[in-house]
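Visitor: Next comes the sequence, and after it the predicted model I'd like to discuss.
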Amino acid sequence: WPNPNQRFNNTNELDFSCQLVVGLENVGGDRAKLFSLVKEACLAGVTVVQYREKGTVRPSFLEELAVAKVLKEICRKTKTLLFIDDNVDLAIAADADGVHVGQDDASVQSIVKKAPELLIGLSISTMAELEASQAAMPDLAYIGVGPVFKTTTKKDAKPTIGLEGLREIKEAATVPVVAIGGINEERAQAVYQHGADGLAVISAITKSTNIAKTVQRLCKD
Ligand code: TZP
Ligand code: MG
């Protein structure tokens, strides 16, 4: 893959194979639990952590910044990439590695202009969205594709695309494809077999009773 960003001069450092997406709402608002969970997941081999606050009660910018800075410190120790969902200013302030945006968030062009050092991930749910995003591809580190399966974690999730939808998007994609939505240990193999370069999960890890084992089973080696 071409290196979308000068921050990392070695493209081998960019491993988008195994992403934990998580925020306080996924751990009952418990900061200590969030930090211990992320630490355990990083030690177990997660390659990207995406800090995502989407709860009905949104923490303030400063609260999110305090959390993000701790996450950055945890990720730094295991050389895990830290992405921030949506919030470019937070990603800059926390010195995160990247930002993940959806179709309705800041445009890729505006992020590149504002923070050229940030890696960018973009959510794609349909072939039409992929086609509409062609101009942005050279600036993207990866695309998050899904929901592949039904998810109960994201309330406003788009319709599921299934494994065949994933394969169709993968075949047309020119950047790494990270599958998301309802992925668990049992489904991970099928997701890779349908072309995914990596996967991203919330509940498979946040609800796991054995994070090390779960990450081993989820993540391609
Ligand atoms: N985007 C598409 S589905 C989803 C997001 C953030 C939620 C994934 O959560 P889970 O628990 O892995 O299905
Ligand atoms: Mg978003």
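Guide: Structure received. Ligands and ions are numbered 1, 2, ... in the order given.
Visitor: Report how many residues lie close to the nearest residue to Val201 once chain neighbours are set aside.
Guide: Nearest residue to Val201, sequence neighbours excluded (C-beta to C-beta, 6 or more residues apart in numbering): Ile183, at 5.2 Å. For the C-beta atoms, the positions are set from N, CA and C on the backbone; glycine is no exception. Neighbour count for Ile183, taken as other C-beta atoms under 10 Å: 24.
Visitor: Equivalent analysis for Gly102, please.
Guide: Gly102 has 17 neighbours, counted by other C-beta under 10 Å.
Visitor: Verify the contact between it and Val108 for me.
Guide: No: assessed by C-beta atoms under 8 Å, Gly102 is found out of contact with Val108, at 11.4 Å.
Visitor: what is in contact with those two at once?
Guide: Common contacts of Gly102 and Val108 (C-beta atoms under 8 Å, 6 or more residues apart in numbering): Leu122.
Visitor: element containing the residue nearest to Val201, please.
Guide: Under DSSP states H and E, no helix or strand contains Ile183.
Visitor: what sits against it?
Guide: Applying C-beta under 8 Å, 6+ apart, the residues near Ile183 are 148-149, 191, 199-201, 204, 218.
Visitor: Now Cys42. Nearest residue, chain neighbours left out?
Guide: Thr78 (4.1 Å).
Visitor: how far away is that neighbour from Leu43?
Guide: 6 Å (C-beta to C-beta, to the nearest Å).
Visitor: Equivalent analysis for Thr160, please.
Guide: Separation of Thr160 from Leu43 (C-beta to C-beta) stands at 32 Å.
Visitor: same question, Leu218
Guide: Relative to Leu43, and taking C-beta to C-beta, Leu218 is found at 14 Å.
Visitor: More neighbours: the two, which one.
Guide: Remark: of Leu218 and Leu43, Leu218 carries more neighbours, 29 against 15, as counted by other C-beta under 10 Å.
Visitor: Please list all residues in contact with the more buried one.
Guide: 18, 183-185, 188, 199, 201, 204-205.
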